[in-house]
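Enquirer: 3D, please:
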Amino acid sequence: MSSLEQLGAFVAAYRPDEAAAAAVRLHAADTVGAWIAATRTPEGRALLAFRQDGATLTEHVAIHCALTRLSEVDDIHLGAMITPGSIVVPAVLTMAARLPDIDAEDVTAAIVAGYEAMVRLGAAIDGPSVLYRGIWPTYFAAPFGVAAAAARLMRFEAARTANALSAALIMASPGTGHHAAPTTVRWLAVGQAAARGFQAALAAGAGFTSDMGIADGELLKNIYGLAPALDVLGHGLGELALHQVSFKPWCAARQTMAATQALKEIVDEGIAPESIARVGVAVLPQHLRMIDHGVTPGDRFSHLTSVQYQMAVAALSPDLAFELSGPSGATPPALSNFMARIKVRAEESLAASGYPRSWAAHVTVTTANRRHEKTVTQVPGDPGLSFGEDDLRRKFARVTGLGAEAADAVFAFALDAAEKPAAALDEIERHAAREPDQSP
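Expert: Sure thing, here's the model as predicted:
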């Protein structure tokens with residue numbers, strides 16, 4: 001059997017156990033929070049305005065996935081460099097809301113299948129390395145994950161599922177460049193990539209077939225310079241990928257979070273931010289270029305990826321870490337001054353802490369009297385420090401801005417999204433339709 005046939009067999013036969021169902025509840029609720037929060041951003045409003053009246057199901061899948069991914073508070077599998085929830089959960093809920101005779105087990109199994117397919121592909125192509133070549137792993141894997149989820153949702157047998165996966169791989173694209181303006185097409189592109197996965201599944205359902213050996217042959221190597229680990233693609237990473245996925249604790253590039261968490265812990269130990277004279281930050285060499293920079297007014301992405309800005313926010317204005325839109329004007333002087341005290345360098349030895357499944361950082365804080373050092377290998381929300389329902393409820397309220405009472409009600413609804421996908425989708429759309437200054 002080819003690697004795609006092996007994965008197709010897994011997807012077709014998969015039945016969720018209690019642990020998987022419990023994990024899906026949490027990841028679905030967290031993803032719904034990201035989805036709603038994204039509708040309050042300029043990019044989110046542009047995507048909603050772009051969607052036409054009478055949009056097809058495929059077009060709805062595209063916009064819903066685009067919205068959720070742009071939030072930058074969605075979950076992430078570090079070892080694969082894949083953000084599966086933002087693609088799989090909105091795609092499954094959108095599809096399930098329109099399909100007849102769908103039950104909670106189908107929805108749960110489809111979400112697990114989508115996570116598994118995306119993470120396997122990301123790990124197989126060494127996502128943490130290829131990202132810095134310009135290949136966006138989540139964009140590349142989005143059609144693949146949605147095809148797997150759609151095939152399981154529509155109860156395809158193994159052969160038809162494998163054809164859907166192969167068709168989706170043909171429809172994959174590697175990257176979108178680095179354009180990060182509020183008007184960027186980047187998010188629309190990743191949404192369209194997800195929608196192509198649904199189209200691949202529909203094609204397989206209609207009897208179209210594809211090359212079962214496409215992942216095992218020379219195509220990915222010759223076109224993209226990728227030599228996928230076929231055993232990972234066919235057999236996975238041990239336990240379900242879903243159980244290896246991290247929740248993001250706040251809104252930022254995940255590459256900045258270990259250093260930011262280290263500073264937070266030092267401050268929490270009683271070191272006043274105003275007493276800090278210098279901050280030394282050692283990060284993985286792979287991350288240095290991406291995160292060691294200042295910020296540009298109006299450029300949301302520069303704020304999300306600047307470790308100096310994220311650390312300054314953590315020390316001086318922690319509530320800003322949950323503001324998805326980012327600051328619109330110049331950086332406040334207090335933040336700029338703190339950023340200027342932070343010096344970042346690469347440290348190869350940090351990879352020994354378990355990279356790529358763990359993204360470590362070491363922080364040294366110097367005050368007038370002494371030095372304080374902290375190494376962080378996992379941040380809250382990682383599998384070793386995993387979030388529970390209460391942690392996610394608090395995060396949900398902060399990122400959505402719905403107010404405590406309304407947020408608790410919507411979060412409870414989101415936990416049961418697999419049982420009532422159509423009702424969950426209606427609730428999400430209701431909040432998306434609100435103007436930014438309207439109350440829930």
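Enquirer: which residues does P90 contact?
Expert: By C-beta atoms under 8 Å, 6 or more residues apart in numbering, the contact set of P90 is T31, W35, V61, H64, C65, L67, T68. No exception for glycine: its C-beta is placed from N, CA and C like everyone else's.
Enquirer: give me the nearest residue to it, chain neighbours excluded.
Expert: Leaving aside its chain neighbours, P90 sits nearest to H64 (3.8 Å; criterion: C-beta to C-beta, 6 or more residues apart in numbering).
Enquirer: in which helix or strand would I find the one you found?
Expert: Here H64 is covered by helix 57-70, with elements defined by DSSP states H and E.
Enquirer: low-confidence stretches in the protein?
Expert: Under the criterion pLDDT under 70, the flagged ranges of the chain are 435-440.
Enquirer: outline the domain layout of it.
Expert: Here the domain assignment for the chain is 3-244, 254-376, based on automatic domain parsing.
Enquirer: do you know which of those lies nearest E389?
Expert: Between E389 and the domains of the chain, the shortest separation by C-beta to C-beta is 6.6 Å, and it involves domain 3-244.
Enquirer: how far does the closest one sit from the chain's center?
Expert: Counting by C-alpha atoms, centre = their mean, to the nearest Å, domain 3-244 is centred 11 Å from the centre of its parent chain.
Enquirer: show me what contacts A20?
Expert: If you count contacts by C-beta under 8 Å, 6+ apart, A20 has them with T108, V112, L240, L242, H243.
Enquirer: sorry, slip of the keys, the one I care about is L202.
Expert: For L202, the contacting residues are A150, by C-beta under 8 Å, 6+ apart.
Enquirer: how about the helix or strand harbouring it: buried residues?
Expert: Here L202 is covered by helix 186-205, with elements defined by DSSP H and E. Going by neighbour count (16 or more other C-beta atoms under 10 Å), the buried part of helix 186-205 is 186-204.
Enquirer: ok, which stretches of the protein are strands?
Expert: Per DSSP state E, the chain carries strands over the ranges 276-283, 342-346, 361-367, 371-376.
Enquirer: would you list those strands in JSON lines and tack on distance to F50?
Expert: Supplementary listing: the strands of the chain in JSON lines, determined by distance: least, C-beta to C-beta, whole Å:
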{"stretch": "strand 276-283", "distance to F50": "37"}
{"stretch": "strand 342-346", "distance to F50": "37"}
{"stretch": "strand 361-367", "distance to F50": "38"}
{"stretch": "strand 371-376", "distance to F50": "39"}
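Enquirer: ok, of the contacts of P90, which one's closest to D416?
Expert: Distance ranking of the contacts of P90 against D416, using C-beta to C-beta, places T31 first at 13.7 Å.
Enquirer: for that closest one, what are its contacts?
Expert: Neighbour list for T31: T68, D74, D75, G85, S86, V89, P90 [criterion: C-beta under 8 Å, 6+ apart].
Enquirer: switch the cut-off to 7 Å
Expert: Under the criterion of C-beta atoms under 7 Å, 6 or more residues apart in numbering, the neighbours of T31 are T68, D74, G85, S86, V89, P90.
Enquirer: swap in A414?
Expert: A414 is in contact with A28, A29, V32, G33, A424, counting by C-beta under 7 Å, 6+ apart.
Enquirer: ok, 6 Å please
Expert: Contacts for A414 (C-beta atoms under 6 Å, 6 or more residues apart in numbering) come out as A29, V32.
Enquirer: ok, back up a step: how about the contacts of T31, which pair is most distant?
Expert: Taking C-beta to C-beta as the measure, these span a maximum distance of 9.8 Å, between D74 and P90.
Enquirer: returning to what we had before: which of the contacts of A20 sits closest to A97?
Expert: Using C-beta to C-beta, the contacts of A20 come closest to A97 at T108, 15.0 Å.
Enquirer: give me the number of residues near that closest one?
Expert: Summarising burial for T108: neighbours were counted as other C-beta atoms under 10 Å, giving 25.
Enquirer: list the contacts of it.
Expert: For T108, the contacting residues are P16, A21, V24, A418, by C-beta under 6 Å, 6+ apart.
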